[in-house]
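**Q** Could you look at this predicted model? Sequence included:
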Amino acid sequence: KAGVTQTPRYLIKTRGQQVTLSCSPISGHRSVSWYQQTPGQGLQFLFEYFSETQRNKGNFPGRFSGRQFSNSRSEMNVSTLELGDSALYLCASSDGGPEKLFFGSGTQLSVL
Amino acid sequence: EDKVVQSPLSLVVHEGDTVTLNCSYEVTNFRSLLWYKQEKKAPTFLFMLTSSGIEKKSGRLSSILDKKELSSILNITATQTGDSAIYLCAVHVQGAQKLVFGQGTRLTINP
């Protein structure tokens, strides 16, 4: 079985731009979660989708949004990028609850 | 607010040493505690612990939960350079489809 695939692996953007990150879960997994990882804050929960419905959302501003498609693939979008959005964005999929997460290798976003 | 704290944040030891990593938590409704190893980018699952208090072991790694002290430790014996990684502790809060992570412990094993 292929693992969780995230694209692109690296992104460099400038302040004010917007960005879309993509995540393909493990085949058969219907839950997709997104986390932001920064050196000072560790992993912070962004949101979780199950069968195209957002079930939970973290404490991030409205500039951060996501969606899930009928094939369980997910995208997250960050608009009006700020320097502080520079981070590793990790996607994880599960066929059950968050106790069975499989992580992708992430997208490293740098905002200049 | 749910909170998970790991210590130390960074640790450097020599190959063959034994290390103990700590994780404490304050959450509204505990369900389970998980340990992950992050070598490059993708965290990989190590252990899941529940209030049963049963110790989990896998080779040189072991972990246990102290539900009274609201904490957990991860032990690694006879460390090897391949154990160098960030070790992440996370708590699953009952009813929430998410994990609350600690800051991680960066472990470096020198030959």
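**A** Arrived safely.
**Q** Check which helices and strands the strand or helix carrying B:I109 sits against.
**A** According to DSSP states H and E, B:I109 maps onto strand B:105-110. Helices and strands touching strand B:105-110, as assessed by 3 or more CB pairs under 8 Å, 6 or more residues apart in numbering or on different chains; DSSP states H and E, comprise strand B:10-14, strand B:19-26, strand B:85-93. To be clear about C-beta, it is placed using only N, CA and C from the backbone, and glycine gets the same treatment.
**Q** Contact partners for residue 98?
**A** Unless you meant another one, I'm taking chain A. A:33, A:48, B:92, B:96-99 (CB atoms under 8 Å, 6 or more residues apart in numbering or on different chains).
**Q** You answered for a different chain; I wanted chain B.
**A** Neighbour list for B:K98: A:33, A:45, A:48, A:56, A:58, A:98, B:92 [criterion: CB under 8 Å, 6+ apart].
**Q** pLDDT score for it?
**A** As predicted, B:K98 sits at a pLDDT of 88.
**Q** mean confidence for stretch B:65-75?
**A** What stretch B:65-75 shows for mean pLDDT is 94.
**Q** how long is that stretch from one end to the other?
**A** The first and last residues of stretch B:65-75 sit 12 Å apart, counting by CA to CA, to the nearest Å.
**Q** If you count neighbours, what's buried in it?
**A** Residues of stretch B:65-75 classed as buried: B:65, B:71-74 (neighbour count, 16 or more other CB atoms under 10 Å in any protein chain shown).
**Q** just checking, which of those belong to strands?
**A** B:65, B:71-74 (DSSP state E).
**Q** before we move on, the earlier item: report the buried members of the contacts of A:P98.
**A** Among those, the ones that count as buried (16+ other CB under 10 Å) are A:33, A:48, B:92, B:96-99.
**Q** Tell me which of those residues fall in strands.
**A** Those of those lying in strands (DSSP E): A:33, A:48, B:92, B:99.
**Q** Columns distance to A:S74 on top of those residues, output as CSV?
**A** Shown next, in CSV, are these (distance: CB to CB, whole Å):
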residue, distance to A:S74
A:S33, 9
A:E48, 10
B:H92, 20
B:L99, 17
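**Q** Looking at these, which one is closest to A:R9?
**A** A:S33 (19.0 Å; CB to CB).
**Q** so how far is the strand holding B:I109 from its chain's centroid?
**A** 13 Å (CA atoms, centre = their mean, to the nearest Å).
**Q** And stretch B:23-41, by the same measure?
**A** 6 Å.
**Q** go on, stretch A:99-112?
**A** Worked out by CA atoms, centre = their mean, stretch A:99-112 lies 6 Å from the chain centre.
**Q** can you tell if that stretch touches chain B?
**A** Yes - in terms of CB under 8 Å from any CB of the partner chain, part of stretch A:99-112 sits within range of chain B, namely A:99, A:101-106, A:108.
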